[in-house]
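[1] for reference, the sequence and a predicted model appear below.
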Amino acid sequence: SGLESRLSEFQAWADLAQLKITELQNQNEALELSTAKPAESAVTANNKETDCLRKEMASTKNEIASLTTERDDLKKALSEMETQLSELQSWSDAAQSKIAQLETEKDALEAKAKDLADSAKDSNTAIVDSLREEIA
């Protein structure tokens, strides 16, 4: 369904984002190690790059949190829809059962009506025959 594909898409994006965070952390560690260089300009440049990487990591973590929330909301909506579908299926099954029961009752009533009509016809024939005998 659309929700499941959207959920899968978000999960894939979250996985890629997690890989990016790991990559950024590795780069950050490498930069932090390289800041030990004695030259002041190299330390300053590395610190700026480290700060940029930290900001990018924080931004990526925020996006992951947002996507995780959206994924969880989609999972909840999907679960609710599955519950509604189950309830609807139960109602449909009960309705089909009731329809079958009513059709059986209708058939029985039609058979009973036919029997009554045949009996009435037989009675009328007997009465007519009896009246004819009396007249004759």
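    In hand now; what should we look at?
[2] residue nearest the middle of the chain, spatially speaking?
    Centroid check for the chain by C-alpha atoms, centre = their mean gives Leu78 as the closest residue, at 3.4 Å.
[3] ok, it touching Leu3?
    Yes. Using C-beta atoms under 8 Å, Leu78 is in contact with Leu3, at 4.8 Å. In this view, the C-beta of every residue, glycine as well, is placed from N, C-alpha and C.
[4] so what's the residue nearest to the centre of the chain up against?
    Ser1, Leu3, Glu4, Leu7 (C-beta atoms under 8 Å, 6 or more residues apart in numbering).
[5] where's the last one, which helix or strand?
    Mapping Leu7 onto the secondary structure by DSSP states H and E places it in helix 2-34.
[6] so for that helix, mean pLDDT?
    Taken as a whole, helix 2-34 has a mean pLDDT of 82.
[7] the helix or strand following that helix: how far from the chain's middle?
    Per DSSP H and E, the first helix or strand lying C-terminal to helix 2-34 is helix 40-135. Relative to its chain's centre, helix 40-135 lies at 12 Å (C-alpha atoms, centre = their mean, to the nearest Å).
[8] stretch 119-136 too?
    70 Å.
[9] quick one: Ala14 and Ile64 touch, right?
    Yes. Counting by C-beta under 8 Å, Ile64 is a contact partner of Ala14 at 5.5 Å.
[10] what's the closest of the contacts of Leu78 to Ser119?
    Ser1 (59.0 Å; C-beta to C-beta).
[11] from Thr44, how far out is that closest one?
    Using C-beta to C-beta, to the nearest Å, Ser1 is found at 53 Å from Thr44.
[12] quick one: low-confidence parts of this protein?
    Applying pLDDT under 70 to the chain picks out residues 34-43.
[13] and Arg54, how many neighbours?
    13 (other C-beta atoms under 10 Å).
[14] not counting sequence-adjacent ones, nearest residue to it?
    Asn28 (6.8 Å; C-beta to C-beta, 6 or more residues apart in numbering).
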